[in-house]
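Q: Quick one: sequence and predicted model below, then my questions.
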Amino acid sequence: MSVTVHLPTVLRSHAGGAKDVTADGATVGEVLTALASEYPGLSGQVINGDGTLHKFVNVYVNDDDVRYLSALDTPVTDSDEVSILPAVAGGAVDLSRSLPR
């Protein structure tokens, strides 16, 4: 089955600039493996060498984070959409300290 995969801006250059691509697979892992085969520049960007999901990438099937489902074993169908998003990290900022008084 062929699934639509939404790529973040940072990964689009590895897929010829495409925002959305399709890949075949019955699970998220199969889809991402097929995607890396089609676009070798994506290899190692989403899945680590040991076959686990890269910790600085979030993957969603429709609106559900696969880390809370079955991770790379999460099943997908033709009607599903897989979104790859870079993880965002940061801390809280106390703006009251930087505002003029």
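A: Structure received.
Q: going forward, measure contacts and count neighbours with C-alpha atoms only.
A: OK.
Q: Go ahead and flag the most central residue of the protein.
A: Nearest to the centroid of the C-alpha atoms of the chain, with distances taken as Cα atoms, centre = their mean, sits residue 84, at 2.1 Å.
Q: Which strand residues bridge that residue?
A: Under DSSP bridges, the beta-bridge partners of residue 84 are residue 59.
Q: Pull out the C-alpha coordinates of stretch 40-54 and format them as CSV.
A: These are the backbone C-alpha positions of stretch 40-54, laid out as CSV (Å, rounded to 0.1, in the frame of the first residue of the first chain):
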residue,chain,number,x,y,z
PRO,A,40,19.1,7.8,0.0
GLY,A,41,19.8,11.3,1.5
LEU,A,42,17.1,10.5,4.0
SER,A,43,18.9,7.4,5.2
GLY,A,44,19.9,7.9,8.9
GLN,A,45,17.9,11.1,9.1
VAL,A,46,14.8,9.4,10.6
ILE,A,47,15.8,5.9,11.5
ASN,A,48,19.1,5.2,13.3
GLY,A,49,21.5,2.5,12.1
ASP,A,50,20.2,0.2,14.8
GLY,A,51,16.7,0.4,13.3
THR,A,52,15.2,2.7,16.0
LEU,A,53,13.5,6.0,15.5
HIS,A,54,15.9,8.9,15.7
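Q: dump the residue contacts of residue 48.
A: When contacts are counted by Cα atoms under 8 Å, 6 or more residues apart in numbering, residue 48 is found next to residue 54.
Q: Got the confidence number for it?
A: The predicted local distance difference test score for residue 48 is 87.
Q: Please report how far it lies from residue 4.
A: Noted for residue 48: a distance of 22 Å to residue 4, by Cα to Cα, to the nearest Å.
Q: How about residue 75?
A: Where residue 4 is concerned, residue 75 sits at a distance of 14 Å (Cα to Cα).
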